[in-house]
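>>> kindly return the folded structure for what I paste below:
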Amino acid sequence: MSRLPANRFRPIRSTLGIVAGLAIAAAITPAAAAETPWFPMKVYDASSGTPKPAEYTPLPKAEKPYKLCVLFPHMKDSFWVAVAYGIVKQAETMNVNMTLYEAGGYENLPKQLSQFDDCMASGADAIIVGAISGAGLSKKFEEAKAKGVPVVGVANPLPPNALPAAIYVDFVAMGGVTGEGLLAQAKPGDKLNIVTFPGPAGSGWAESFNEGFKKAVAKNPNAKILAEKFGDSGVAVQLQLIQDALQAYPGMNVIWGTAPTAEAAIGAVAESGRNDIKIMSSYENQAMLDALNRGDILAFATQYPVGEGAVSVDQAVRLIEKKPVMSFAQPLASAVDKTTVPKLQMDLVLAPGSWTPVYSVKAK
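As a prediction, this is how the structure comes out:
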């Protein structure tokens, strides 16, 4: 069983599901409820195209020990570790087999395509995918559909109706809540000279985060986007982008971007002596929570990645068993700052610090 050091970083993103038009409220036994303390989970049911408030409750158990194959872009950041935690715990609760593959980064679409083929060849009953590129995987989705293998999208955005079920946040809205959070903390007359570091170009979520953030801050005439710097969501890549921006944009006083961006920025800003620079993260991970508590960042946004992972397992089982499934669920994105962090349902946001990620679950 492959493992990853528990103190390594990993990113986040996404949501939950039920069939269009159906509000599923499957009752679960007290014993099952104790095993799945995250549910019922509040989400938006966007199956019809119009998001509506809903609650997601999974099935108590799968009818058989199905084989689920899971594909992630990487496990370099605590976001994806959180999604993995939700998947592992829900697979254990529902008593299904699970095997997880990660591609090593957003630049590795060919590897994820090959891993998708491996899932198909292994006889998986369903595939759960955090897509490096929804468009890039479209032919694989068609191949799986033709062979009767259901595929569920988790955390990362996909083309409309690409899959029979998916769970991911409205990324434009999620970017927007951080922009609104920045404006709320700015003093009247403050000049906000911002450089954004949205994440990997072509991922879909990075562009959408950036779009939502820019729309929100455009409401303040004193807010100006100086530049947009796209790059892989690894700390080393982000650090280089930040160091370059500190040289190129001396007037920059706001850094907004991925969680690894914010992590890298804390040290880079301190080293440069620029205590006037504010830092915000577009999503959550353990480092962002720690940084917020220390006062190193203003805020971060959350999409409850643990919950996303857990929901994706239930969606997969429902599809296998041909039971009603929310075809498109979205978590309720929210900005988290020092005033709101005490109210956060942390067990839906981050894996426990003591949890060491595992890449397989064996049904009993």
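>>> what comes up buried for stretch 212-219?
If you call a residue buried by 16 or more other Cβ atoms under 10 Å, then stretch 212-219 has these buried ones: 212-214, 216-217. Placement of C-beta: from N, CA and C, glycine included.
>>> what's that stretch in contact with?
171-180, 182-183, 192, 194, 196, 223, 225, 256, 282 (Cβ atoms under 8 Å, 6 or more residues apart in numbering).
>>> which SS class is Thr99?
Of the three states, Thr99 takes strand under DSSP: H, G, I helix; E, B strand; the rest coil.
>>> how many neighbours does the residue lying closest to it once chain neighbours are set aside have?
Excluding the flanking residues, the one nearest Thr99 by Cβ to Cβ, 6 or more residues apart in numbering is Ser360, at 5.0 Å. By other Cβ atoms under 10 Å, 13 other residues sit near Ser360.
>>> over to the one 4 residues further on?
Residue neighbour count, defined by other Cβ under 10 Å, stands at 6 for Lys364.
>>> for it, which non-adjacent residue is closest in space?
If the residues on either side of it in the chain are set aside, Lys364 comes closest to Asn95, at 6.0 Å by Cβ to Cβ, 6+ apart.
>>> my guess is that neighbour contacts Pro65. True?
Yes. Assessed by Cβ atoms under 8 Å, Asn95 is found in contact with Pro65 at 5.9 Å.
>>> list residues touching both of the two?
Common neighbours of Asn95 and Pro65, counting by Cβ under 8 Å, 6+ apart, are 363-364.
>>> re earlier: which of the buried residues of stretch 212-219 lies closest to Asp314?
Gly212 (27.9 Å; Cβ to Cβ).
>>> quick check: the closest one vs Gly231, distance?
19 Å (Cβ to Cβ, to the nearest Å).
>>> show me which residues of stretch 183-192 are buried.
183, 186, 192.
>>> any idea which of those is least confident?
Across the buried residues of stretch 183-192, the bottom pLDDT score, 93, is held by Ala186.
>>> OK, contacts around that one?
Here Ala186 is in contact with 192, 220, 222-223 (Cβ under 8 Å, 6+ apart).
>>> whichever of these end up buried, select them in ChimeraX.
ChimeraX command restricting those to the buried ones, with burial defined by 16+ other Cβ under 10 Å:
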select :192,220,223
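>>> how about the contacts of Ala186, which pair is most distant?
Largest separation among the contacts of Ala186 by Cβ to Cβ: Leu192 and Asn220, giving 6.8 Å.
>>> hang on, the earlier thing: just the contacts of Ala186: which are in strands?
Judged by DSSP state E, the contacts of Ala186 include 192, 223 as members of strands.
>>> kindly indicate which of the contacts of Ala186 lies nearest Gln240.
Ranked by distance to Gln240 (Cβ to Cβ), these are led by Leu192 at 23.9 Å.
>>> dump the residue contacts of the closest one.
Taking Cβ under 8 Å, 6+ apart as the criterion, Leu192 is in contact with 182, 186, 217, 220, 222-224, 253-254.
>>> again, only using 7 Å
Taking Cβ atoms under 7 Å, 6 or more residues apart in numbering as the contact definition, Leu192 lies against 186, 217, 220, 222-224, 253-254.
>>> just send these back as a markdown table, with distance to Met288 too.
Listed next are the contacts of Leu192 as a markdown table, based on distance: Cβ to Cβ, whole Å:
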| residue | distance to Met288 |
| --- | --- |
| Ala186 | 20 |
| Val217 | 20 |
| Asn220 | 24 |
| Asn222 | 26 |
| Ala223 | 22 |
| Lys224 | 25 |
| Asn253 | 20 |
| Val254 | 16 |
